[in-house]
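Asker: Kindly generate the corresponding structure for this input.
(one chain, ligands or ions: 1)
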Amino acid sequence: MTVTRFAPSPTGHLHVGNLRTALFNWLVARKGGGSFILRFDDTDPERSKQEYVDSIRADLDWLGLGWDREEFQSKRLDRYADAADRLRAMGRLYEAFETPSELELKRKKLLNMGRPPIYDRAALKLTDEDKERLRAEGRRGHWRFLLDRERVEWEDGILGPVSIDAASVSDPVLIRGDRQVLYTLASVVDDMEMGITDVVRGADHVTNTATQIQIIRALGGEPPRFAHHSLLTGPEGEALSKRLGSLSIRELREAGIEPMALLSLLARLGSAKPIELFASLDELAEGFDLADFGAAPTRFNPADLGPLTARHLASLPYEAVADRLAEAGIPEDIAPAFWQVVRENLTRFDDVKDWWEMMSEGAEPLVAEEDRDFVAEALALLPPPPYGAESWKKWTAAVKERTGRKGRALFMPLRKALTGRDHGPDMAVLMPLMQRVKALEALPAGAAGTKGADGQKTSGGEG
Ligand code: GLU
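Answerer: Take a look at the predicted model:
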């Protein structure tokens, strides 16, 4: 059985970059018929916040990325202490006392000599007396994992065969001087004990993976399958965090982006397959394959989300939005017809409110100076609502006959006068939904009535 996990640190809101990780892991679990664990990597008590736990949950919920189990690393500290004891007993975990500035100095020296800045393992030479003396000086030891200086190799689900020389990596610190267990160890212990079979994460973790594979083996485990996806950049290839750093999932949500638009884009961006709009996560999971993705950084342009959202909304049947329409205050009896008419004219769902306001309360007419007489003449031929399916056709035919105008010069000023805007649904289907036309009320008293009487038996009545 496939078991995956999404392991965010609750130190900030979810953003597009880590959503991609969440989605891939979710999809791998779904395709493998397995389970998906939401694991909060919260061993850092200062930076981890309940507020972010809540917001990460809310974002995943909104996206429909449900999880089968939830775990908190902060509740598993005894497990990590246990693993650390075992590594110590094997001689794979050693105490070191260098301060950050001492380490920095060593790094600089090595770099100056043209050598890779790898930790020199000086701490391995410390005697018990040395350590006592350092502790007496007030230093608190941190603990490093003793790497085997050999190549670590794995078949990566995205990168293909990967080979990292562990001799080119510093022995990773697993426990800090203040006893805080670091991610490198906690993650390994969790992955082993939670039976994780597949880990998908960003390419920034490739070196971690090499060291973690060694730790897993030292602890007697079998490494999971690893896949490292490329990192997202902005549209120009710039680092995502800089220019688009504020692009959190909640901001996209507030901007009216629909979950399926976002998920559809992220499921295909950086893959060999074209971007496609999926109707559901099930449909999306069907065509998903990690092997389609490449190692090159993936450009993400938030501007792509708007058109996808509009297309998604236009494709939704009434049943899919009935609750949301009710919430937006659209009366239930009219909502199905209303949705049919407006769904192709939305840039975000909330636009339904504007359309409904226009239909129910009327809109300030938009009349160009040069169209003033024409519009007045036309309005004189229009009775007040309700309108029917033939109203627009009959009215415009009558106006055409009276004024001689045709085509766009005929239709556009009439649309603008009635709806207060120059775009929107087909007027023939829109008119029957209009309950009020402010342009008619602005006419001199009686004008509509008198002229309308002889002008048309056309528009009124059928509604
Ligand atoms: N908390 C880590 C991160 O957000 C998890 C990485 C992993 O998936 O192992 O980078």
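Asker: So for the closest residue to E71 other than its chain neighbours, what's the pLDDT?
Answerer: Nearest residue to E71, sequence neighbours excluded (CB to CB, 6 or more residues apart in numbering): R39, at 4.4 Å. Every residue, glycine included, has its C-beta placed from N, CA and C. Looking at R39, its pLDDT is 98.
Asker: packing partners for the helix or strand encompassing R39?
Answerer: Assessed by DSSP states H and E, R39 sits inside strand 35-40. When contacts are defined as 3 or more CB pairs under 8 Å, 6 or more residues apart in numbering; DSSP states H and E, strand 35-40 packs onto strand 3-6, helix 16-31, helix 50-63, strand 69-72.
Asker: any idea which of these is most buried?
Answerer: With neighbours taken as mean count of other CB atoms under 10 Å, the helices and strands packed on strand 35-40 reach their highest mean count in strand 3-6, at a mean of 25.
Asker: is it true that R415 touches P425?
Answerer: No: using CB atoms under 8 Å, R415 is not in contact with P425, being 10.0 Å away.
Asker: about what we covered before: can you tell which of the helices and strands packed on strand 35-40 is closest to G287?
Answerer: Closest to G287 of these is helix 16-31 (CB to CB; 10.0 Å).
Asker: C-alpha coordinates for the closest one, CSV please?
Answerer: Provided in CSV are the C-alpha atoms of helix 16-31 (Å, rounded to 0.1, in the frame of the first residue of the first chain):
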residue,chain,number,x,y,z
VAL,A,16,2.0,27.8,-4.4
GLY,A,17,5.4,26.2,-4.0
ASN,A,18,4.5,23.9,-1.1
LEU,A,19,1.0,23.3,-2.5
ARG,A,20,2.7,21.6,-5.4
THR,A,21,4.4,19.3,-3.0
ALA,A,22,1.1,18.6,-1.2
LEU,A,23,-0.7,17.9,-4.4
PHE,A,24,1.9,15.5,-5.8
ASN,A,25,1.9,13.5,-2.6
TRP,A,26,-1.8,13.5,-2.4
LEU,A,27,-2.0,12.3,-6.0
VAL,A,28,0.6,9.6,-5.6
ALA,A,29,-1.4,8.3,-2.6
ARG,A,30,-4.7,8.5,-4.5
LYS,A,31,-3.3,6.7,-7.5
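Asker: how about the strands of the stretch 51-200 of the chain, start to end?
Answerer: 69-72, 93-96, 142-145, 151-156, 160-165, 173-175, 198-202 (DSSP state E, counting those that start in this stretch).
Asker: partners of the second one, with directions?
Answerer: Strand pairing for strand 93-96, using DSSP bridges, gives strand 142-145 (antiparallel).
Asker: circling back: could you say which one of the strands of the stretch 51-200 of the chain comes nearest to L410?
Answerer: strand 198-202 (57.4 Å).
Asker: and S459, what pLDDT?
Answerer: We have a pLDDT of 41 for S459.
Asker: nope, A453 is what I meant
Answerer: A453 carries a pLDDT value of 36.
Asker: before we move on, what about G449?
Answerer: G449 is assigned 39 on the pLDDT scale.
Asker: What parts of the stretch 1-150 of the chain come near the ligand?
Answerer: 7-9, 41 (CB under 6 Å from any ligand atom).
Asker: can you put these in TSV and add neighbour count?
Answerer: Converted to TSV, these look like this (neighbours: other CB atoms under 10 Å):
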residue	neighbour count
A7	25
P8	22
S9	17
D41	20
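Asker: would JSON lines of the residues you listed with distance to D323 be doable?
Answerer: Shown next, in JSON lines, are these (distance: CB to CB, whole Å):
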{"residue": "A7", "distance to D323": "33"}
{"residue": "P8", "distance to D323": "29"}
{"residue": "S9", "distance to D323": "34"}
{"residue": "D41", "distance to D323": "35"}
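Asker: any idea which of those residues is closest to S360?
Answerer: Nearest to S360, judged by CB to CB, of these is P8 at 43.7 Å.
Asker: now the closest one: how far from L232?
Answerer: 16 Å (CB to CB, to the nearest Å).
Asker: what's the answer for N345, then?
Answerer: 31 Å.
Asker: Show me which of those two is the more surrounded one.
Answerer: L232 (24 against 19; other CB atoms under 10 Å).
Asker: Am I right that that one is in contact with A296?
Answerer: No: applying CB under 8 Å as the test, L232 and A296 come out as separate, 11.4 Å apart.
Asker: Now the common contact residues for those two.
Answerer: G270 (CB atoms under 8 Å, 6 or more residues apart in numbering).
Asker: coming back round to it: arrange the helices and strands packed on strand 35-40 in CSV, one row each, with distance to E319 and mean pLDDT as further columns.
Answerer: Below are these laid out as CSV (distance: least, CB to CB, whole Å; pLDDT from 0 to 100):
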stretch, distance to E319, mean pLDDT
strand 3-6, 30, 98
helix 16-31, 24, 96
helix 50-63, 20, 98
strand 69-72, 31, 98
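Asker: what's next to stretch 415-433, contact-wise?
Answerer: So stretch 415-433 is contacted by 334, 337-338, 340-342, 344-345, 355, 358-359, 363-368, 375, 378-379, 386-389, 391-393, 411-412, 414, 434, 437-439, 463 (CB under 8 Å, 6+ apart).
Asker: May I have it exported as CSV, CA atoms only?
Answerer: Written as CSV, here are the backbone C-alpha positions of stretch 415-433 (Å, rounded to 0.1, in the frame of the first residue of the first chain):
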residue,chain,number,x,y,z
ARG,A,415,-27.2,46.8,-24.3
LYS,A,416,-25.3,49.6,-22.6
ALA,A,417,-28.6,51.5,-21.8
LEU,A,418,-30.2,48.4,-20.3
THR,A,419,-27.3,46.8,-18.5
GLY,A,420,-24.9,49.7,-17.8
ARG,A,421,-22.1,47.7,-19.3
ASP,A,422,-20.7,46.9,-22.8
HIS,A,423,-20.3,43.2,-22.3
GLY,A,424,-22.2,40.3,-20.9
PRO,A,425,-24.4,37.4,-21.8
ASP,A,426,-26.5,37.3,-24.9
MET,A,427,-29.2,40.0,-24.5
ALA,A,428,-31.9,37.6,-25.7
VAL,A,429,-31.4,35.3,-22.7
LEU,A,430,-30.4,38.1,-20.3
MET,A,431,-33.6,40.2,-20.8
PRO,A,432,-36.0,37.6,-19.4
LEU,A,433,-34.1,37.8,-16.1
